[in-house]
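J.: Kindly generate the corresponding structure for this input.
(2 chains)
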Amino acid sequence: SQTIHQWPATLVQPVGSPLSLECTVEGTSNPNLYWYRQAAGRGLQLLFYSVGIGQISSEVPQNLSASRPQDRQFILSSKKLLLSDSGFYLCAWTRLAGESYEQYFGPGTRLTVT
Amino acid sequence: RKEVEQDPGPFNVPEGATVAFNCTYSNSASQSFFWYRQDCRKEPKLLMSVYSSGNEDGRFTAQLNRASQYISLLIRDSKLSDSATYLCVVLLGTGGGNKLTFGTGTQLKVEL
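T.: A predicted model of the protein is given here:
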């Protein structure tokens, strides 16, 4: 069966510090991968998605970046965090289900920028 | 207009009640539809896909009205454990990364 891992689970970082969040998927190959952010009391905002190694699409302009160095690894980074980067970061992958695609989420990383 | 709109709630219902959530979407080209459940401070989890013919999974029934661009979720015999936020989700198409659009969610609180 497929599983998705994210780490760390929680993170407290000062403004201006760098960030690296990692996501890995097991049990599937060449998945579409996604990074979302959920601010407190808000909906999910798609940040990046990737359809393959080295292929990254950005959905919103910001000081974050993403990379996909391996088939089942997706990394979210920042060189300098802002207070507004605080939130719940979720990685997800999609699975073909019939004629549609179902999306499954990792456990998330809760980031607090202080 | 938001792409996916839901009543934010909260819906406070007694245990055993039947509760219905509604959702509308703006893009008539949307192809697939889902309901997700999100517990407090947890990741969203797929509850069920929504098919044109309607579908049922135990106490949960989902329906889709493409003409009205409307999706519903019915929960019968509510349990305390059903308390969560329910997210209406739409897939526009199968190209361009199969991106989903999420509603902001409807909060359900089931009480004794």
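
J.: in the chain, which spans are strands?
T.: Picking chain A for this. For chain A, strands defined by DSSP state E occupy the ranges A:3-7, A:10-13, A:19-26, A:33-38, A:44-52, A:55-58, A:64-70, A:73-78, A:87-97, A:100-105, A:109-113.

J.: Oops, wrong one, chain B.
T.: B:4-6, B:11-14, B:19-25, B:32-38, B:45-50, B:55-57, B:60-65, B:70-75, B:84-91, B:100-102, B:106-111.

J.: Could I get the ones you listed in CSV, plus columns for mean pLDDT and mean neighbour count?
T.: To be clear about C-beta, it is placed using only N, CA and C from the backbone, and glycine gets the same treatment. Below are those laid out as CSV (pLDDT from 0 to 100; neighbours: other CB atoms under 10 Å in any protein chain shown):
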stretch, mean pLDDT, mean neighbour count
strand B:4-6, 94, 20
strand B:11-14, 97, 14
strand B:19-25, 96, 19
strand B:32-38, 95, 22
strand B:45-50, 94, 19
strand B:55-57, 93, 12
strand B:60-65, 96, 18
strand B:70-75, 96, 19
strand B:84-91, 95, 24
strand B:100-102, 90, 23
strand B:106-111, 96, 18
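
J.: could you dump the ones you listed to TSV with distance to A:Y101?
T.: Converted to TSV, these look like this (distance: least, CB to CB, whole Å):
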stretch	distance to A:Y101
strand B:4-6	17
strand B:11-14	29
strand B:19-25	17
strand B:32-38	7
strand B:45-50	10
strand B:55-57	17
strand B:60-65	17
strand B:70-75	17
strand B:84-91	6
strand B:100-102	8
strand B:106-111	23
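
J.: For B:T94, report the pLDDT, please.
T.: Predicted confidence (pLDDT) for B:T94: 57.

J.: Tell me how far the helix or strand of chain A with the lowest mean pLDDT lies from the chain's centre.
T.: Least confident helix or strand, chain A: strand A:100-105 with a mean of 88, by mean pLDDT, DSSP states H and E. Its chain's C-alpha centre and that of strand A:100-105 lie 15 Å apart, by CA atoms, centre = their mean, to the nearest Å.

J.: what's in contact with that strand?
T.: A:2, A:4, A:32, A:34, A:36, A:90-95, B:31-32, B:34, B:43-46, B:49, B:89, B:91, B:94, B:98, B:100 (CB atoms under 8 Å, 6 or more residues apart in numbering or on different chains).

J.: Pairing partners for that strand, with directions?
T.: Paired strands of strand A:100-105, with direction, are strand A:87-97 (antiparallel) (DSSP bridges).

J.: ok, and which of the strands of chain A has the densest surroundings?
T.: strand A:33-38 (a mean of 24; mean count of other CB atoms under 10 Å in any protein chain shown).

J.: Quick one: residues in contact with that strand.
T.: So strand A:33-38 is in contact with A:23, A:25, A:44-50, A:66, A:68, A:74, A:76, A:87-94, A:103, A:105, B:97, B:99, going by CB under 8 Å, 6+ apart.

J.: Spit out the contact partners of residue 97.
T.: Unless you meant another one, I'm taking chain A. B:S49.

J.: Can you look at chain B instead?
T.: Here B:G97 is in contact with A:N32, A:Y34, A:Y49, A:S50, A:V51, A:S57 (CB under 8 Å, 6+ apart).
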